[in-house]
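S.K.: Got a predicted structure plus its sequence, pasted below:
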Protein chains: 2
Amino acid sequence: MALLGCGVVGSAVARLLTEQADDFEARIGAPVELVGIAVRRLGRDRSAAGVDPELFTTDAEELVTRADVVVEVIGGIEPARSLILRAFEHGAGVVTANKALLAESGPELYAAAEAVGVDLYYEASVAGAIPLLRPLRESLAGDDVRKVLGIVNGTTNYVLDKMHTTGAGFGEAVEQAQALGYAEADPTADVEGFDAAAKAAILASLAFHSRVSGNDVYREGITEVTAADVQAAEAMGCVVKLLAICERVEATPERPSGISVRVHPAMIPTSHPLAGVREAFNAVFVEARSAGELMFYGRGAGGDPTASAVLGDVVAVARHRVLGGRGPGESAYADLPTLDMGDARTRYFISLDVADEPGVLAAVATEFARHQVSIETVRQQQLADEDHDVEERAELVIVTHAAPDAALGATVEALAALPQVREVSSVMRVEGE
Amino acid sequence: MALLGCGVVGSAVARLLTEQADDFEARIGAPVELVGIAVRRLGRDRSAAGVDPELFTTDAEELVTRADVVVEVIGGIEPARSLILRAFEHGAGVVTANKALLAESGPELYAAAEAVGVDLYYEASVAGAIPLLRPLRESLAGDDVRKVLGIVNGTTNYVLDKMHTTGAGFGEAVEQAQALGYAEADPTADVEGFDAAAKAAILASLAFHSRVSGNDVYREGITEVTAADVQAAEAMGCVVKLLAICERVEATPERPSGISVRVHPAMIPTSHPLAGVREAFNAVFVEARSAGELMFYGRGAGGDPTASAVLGDVVAVARHRVLGGRGPGESAYADLPTLDMGDARTRYFISLDVADEPGVLAAVATEFARHQVSIETVRQQQLADEDHDVEERAELVIVTHAAPDAALGATVEALAALPQVREVSSVMRVEGE
């Protein structure tokens, strides 16, 4: 086995391989021999991994040619992509934790593995230690997945959880997360939803037997979520979570059936199983036609948890080398189109600061009707007149039924333009019945 | 494919195979042809399964010789066991949902499958639709499982949940469960913990790479759980659940290391992820060295959910027929002994009705010390003297630290014999930190 990368995950993989060598041998039917570890620079202290210093090399290109299992934990697109393709060319099976690469080049990698008849496994790329891809790819292979709803980014879950428990604003909560190591110095990939979008692409591809790339995923991060939004959610008996959502959408007269794949903050009721997912934990809720509702919960990041997922894949690939056989390849036969966000069916929570005068609700309701959006609940309450304005003010809190996201967006725009509406104070999608 | 049994699960399997035929063909790489369905008696109306009536046969022995995949959903030991062995002899891979058979004859079945080089899959045997065995057997194959804590019997979870939400006693709650179809007319297998014990044996075998049979499992059902126990649990911020527990136990000077496998009611804190598992849902909590805490949640029974698990296995076995390869076989290399219940390390909740006089706590504490059981918390409160007794009474509520179960049991016996103790009003094990 060759290991590419020796950061937090790589060193955990190397250490656990050594510590549990006897178990690996018994479970695979042959010992795992670590033939080399590719790093960018030699000379750093890597004693924590507990491996022979002679194993380190900067020549990854050469290393992948002399192993039958290659583990890639470098991350990023290049050189990971080229190294994996090179490993396949030399007949090696590959285990990777690289969500960005899978989301961008999944089909290319699958095709390359298929061409030489070797394995490609990537359980660690989504939701860290949680066994999720194998269940989707294999356990649910006899079922019909309808929806995947997941908290797949620990950083943003930590930030939103802190906003709920401490009342902090977004900026303050991010600083706390950075101080505790839950967020990076540049938290963009997490808080803007790029990380979750790559994972959503991988989940959707597996769940719906179709090709979905990271670019197909509609993405909104949590940077616009305010303390007021969090309070509004709580008043509704909800919590705000950044969700990765992959969903079958039936055909309408205007468009064919397809899938909606999206990442955005949403309110979910506190009674929903995902609402209780605290701190940096991950959880993924799956709804399948026969199985009904399933949930998978655990640690989504960290050296050892990610290494657990990597090593489970290593056992599978190594067993196939010893005993023959192969894991499942790409399954993209369903070839469902990814729909525009506007065609996704969502529900909106909308809070409006309105003039407290007769006819306001009628004007507002007319806009909803004009956009063919049906209202589920509406609550009206007078606001304390903090700014000593002459005008009386009220708050209208509206939750809609499901409607095309485009119609909901257009409704909000139209509401903002109404003379009776002083401000659209909060807008957020709602998920989870 | 041959189907043995056409009850709730079997008819769901047959129906879904027909309805999703195109998906199965695309996922497997070849169509699944149902060659026959073995039933005990012909002539019943089975139109719900939507299959050709010509497929039904009472000759199961003949049927298993002419299929390359055999699905067994008859249940029970015989004739299921003989039919599965016969299927292996004729070179078929087998998918079964039969927990009783696996718990009793797992090693024999594995050996028979191994002898001819075919697959044995049984995801549906534990926790219905929840992908659990594949994650344990494969995803966590590179990790070191320390503990499995599961709600694996929907009937008892429903009964206990009703006792909590309605205050009903055990008998009344069972009647409700029977009226709603959650409990059978003879609920013994569920309420006495036999069903959960078989599942615990299967889980322990996979988690610890050892052989554990149903007879090795310590078993206590929920028939002795009273409304008072449920109230006491609530007062402690806990709920009562029937748990299947599989745990690594380190060596002591007196005995080697081993595993504790047991089924019994226990109090768990409401903050524990398993506490929120309501009605007839199942959930299994897994603690592994690297992965940390994981949880799997979903429907543990019912025709379609169980069929989902069966069909996932059918896809795996059929893919191996088409593309070569095999799933994992028995892994019993660790060969850990199953310890006596007395050696399990448990925590007890004990509620005592005592005389309200000086020295009672000292006498009680002395018994704990004598059995080398350490007390975590003790709460003392005066009781309203409902029976107009002359004697003043108090209640002592004690929660212990972990200790050998035998020492805890002996402590309770000794406490019951103390002159100051009028009654041991409630005793229950406590799980979940």
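M.R.: That came in fine, so what should we check first?
S.K.: Any stretches of the stretch 151-300 of chain A with poor pLDDT?
M.R.: For the stretch 151-300 of chain A, no stretch is flagged by pLDDT under 70.
S.K.: ranges for the strands of it?
M.R.: Taking DSSP state E, counting those that start in this stretch to define them, one finds strands in the stretch 151-300 of chain A at A:218-219, A:238-249, A:258-269, A:281-288, A:292-299.
S.K.: Also the stretch 1-150 of chain A?
M.R.: With DSSP E, counting those that start in this stretch as the criterion, the stretch 1-150 of chain A has strands spanning A:2-4, A:36-38, A:56-57, A:69-72, A:93-96, A:120-121, A:145-151.
S.K.: got it, and the stretch 301-433 of chain A?
M.R.: With DSSP E, counting those that start in this stretch as the criterion, the stretch 301-433 of chain A has strands at A:345-355, A:375-382, A:393-400, A:403-404, A:421-430.
S.K.: wait, A:Leu383 sits on A:Leu352?
M.R.: No. If you go by Cβ atoms under 8 Å, A:Leu383 and A:Leu352 don't touch, sitting 10.9 Å apart. (Glycine included, C-beta is placed from N, CA and C.)
S.K.: Of those two, which one has the most company?
M.R.: A:Leu352 (25 against 13; other Cβ atoms under 10 Å in any protein chain shown).
S.K.: Show the model's pLDDT score for that one.
M.R.: Looking at A:Leu352, its pLDDT reads 96.
S.K.: Next, the contact list for it, please.
M.R.: Going by Cβ atoms under 8 Å, 6 or more residues apart in numbering or on different chains, A:Leu352 touches A:Val364, A:Glu395, A:Leu396, A:Val397, A:Ile398, A:Leu415, A:Val421, A:Glu423, A:Val424, A:Ser425.
S.K.: Leaving out chain neighbours, which residue sits closest to it?
M.R.: Leaving out its chain neighbours, the residue that sits closest to A:Leu352 by Cβ to Cβ, 6 or more residues apart in numbering or on different chains is A:Leu396, at 4.4 Å.
S.K.: Tell me who's in contact with that neighbour.
M.R.: Counted by Cβ under 8 Å, 6+ apart, A:Leu396 has contacts A:Ile350, A:Ser351, A:Leu352, A:Val354, A:Val360, A:Leu361, A:Val364, A:Val378, A:Arg379, A:Gln380.
S.K.: mind listing the helices for the stretch 151-300 of chain A?
M.R.: With DSSP state H, counting those that start in this stretch, the ranges of helices along the stretch 151-300 of chain A come out as A:154-166, A:170-179, A:188-191, A:194-208, A:227-235.
S.K.: before we move on, back to that, tell me the predicted confidence for the residue nearest to A:Leu352.
M.R.: 94.
S.K.: Repeat that for A:Arg81.
M.R.: pLDDT for A:Arg81: 98.
S.K.: Verify the stated contact: it with A:Ala103.
M.R.: No. Counting by Cβ under 8 Å, A:Arg81 sits too far from A:Ala103 to count as a contact (12.0 Å).
S.K.: Pick out whichever of the two has more residues nearby.
M.R.: Per other Cβ under 10 Å, whichever of A:Arg81 and A:Ala103 has more neighbours is A:Ala103, with 26 against 20.
S.K.: May I have the residues that are in contact with that one?
M.R.: Contact analysis of A:Ala103 by Cβ under 8 Å, 6+ apart lists A:Ala197, A:Ala198, A:Lys199, A:Ala201, A:Ile202, A:Ser213, A:Gly214.
S.K.: let's see 10 Å
M.R.: Counting by Cβ atoms under 10 Å, 6 or more residues apart in numbering or on different chains, A:Ala103 touches A:125-126, A:194-195, A:197-202, A:204-205, A:212-217.
S.K.: Can you turn the buried part of these into a PyMOL selection?
M.R.: In PyMOL, a selection of the buried entries from the contacts of A:Ala103 looks like this (16 or more other Cβ atoms under 10 Å in any protein chain shown):
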select buried, chain A and resi 125+126+194+195+197+198+199+200+201+202+204+205+212+213+214+216+217
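S.K.: wait, which of the contacts of A:Leu352 is closest to chain B?
M.R.: A:Val397 (27.7 Å; Cβ to the nearest Cβ).
S.K.: neighbours around that closest one, how many?
M.R.: Neighbour number of A:Val397 under other Cβ under 10 Å is 18.
S.K.: ditto for the one 3 residues further on
M.R.: Close neighbours of A:Thr400, defined as other Cβ under 10 Å, add up to 23.
S.K.: Identify the bridge partners of it.
M.R.: Note on A:Thr400: beta-bridge partners A:Ile375, judged by DSSP bridges.
S.K.: Surely it and A:Ile350 touch.
M.R.: Yes. Using Cβ atoms under 10 Å, A:Thr400 is in contact with A:Ile350, at 7.5 Å.
S.K.: what residues are shared contacts of those two?
M.R.: Common neighbours of A:Thr400 and A:Ile350 (Cβ under 10 Å, 6+ apart) are A:Phe368, A:Val373, A:Ile375, A:Val378, A:Leu408, A:Thr411.
S.K.: Which members of the residues you listed are the farthest-apart pair?
M.R.: Largest separation among the shared contacts of A:Thr400 and A:Ile350 by Cβ to Cβ: A:Val378 and A:Leu408, giving 15.0 Å.
S.K.: Name the single longest helix found in chain A.
M.R.: Scanning chain A for the helix with the most residues, using DSSP state H, yields helix A:303-323.
S.K.: Report the buried residues of it.
M.R.: In helix A:303-323, counting by 16+ other Cβ under 10 Å, buried: A:303-321.
S.K.: could you pick out which of these are near chain B?
M.R.: A:303-316, A:318-320 (Cβ under 10 Å from any Cβ of the partner chain).
S.K.: now the residue of the stretch 51-200 of chain A found nearest chain B, nearest residue through space, not along the chain?
M.R.: Going by Cβ to the nearest Cβ, chain B is nearest to A:Gly142 of the stretch 51-200 of chain A, at 2.5 Å. Closest residue in space to A:Gly142, ignoring its immediate chain neighbours: B:Leu311 at 2.5 Å, by Cβ to Cβ, 6+ apart.
S.K.: Kindly provide the distance from that neighbour to B:Asp23.
M.R.: According to Cβ to Cβ, to the nearest Å, B:Leu311 stands 10 Å off from B:Asp23.
S.K.: Just give the closest residue to the closest residue to chain B within the stretch 201-350 of chain A, not the sequence neighbours.
M.R.: Using Cβ to the nearest Cβ, the single residue of the stretch 201-350 of chain A nearest to chain B is A:Gly325, 1.9 Å away. Nearest residue to A:Gly325, sequence neighbours excluded (Cβ to Cβ, 6+ apart): B:Gly325, at 1.9 Å.
S.K.: Please name the residues that touch the one you found.
M.R.: For B:Gly325, the contact set (Cβ under 10 Å, 6+ apart) comprises A:Arg319, A:His320, A:Leu323, A:Gly324, A:Gly325, A:Arg326, A:Gly327, B:Asp119, B:Ala316, B:Arg319.
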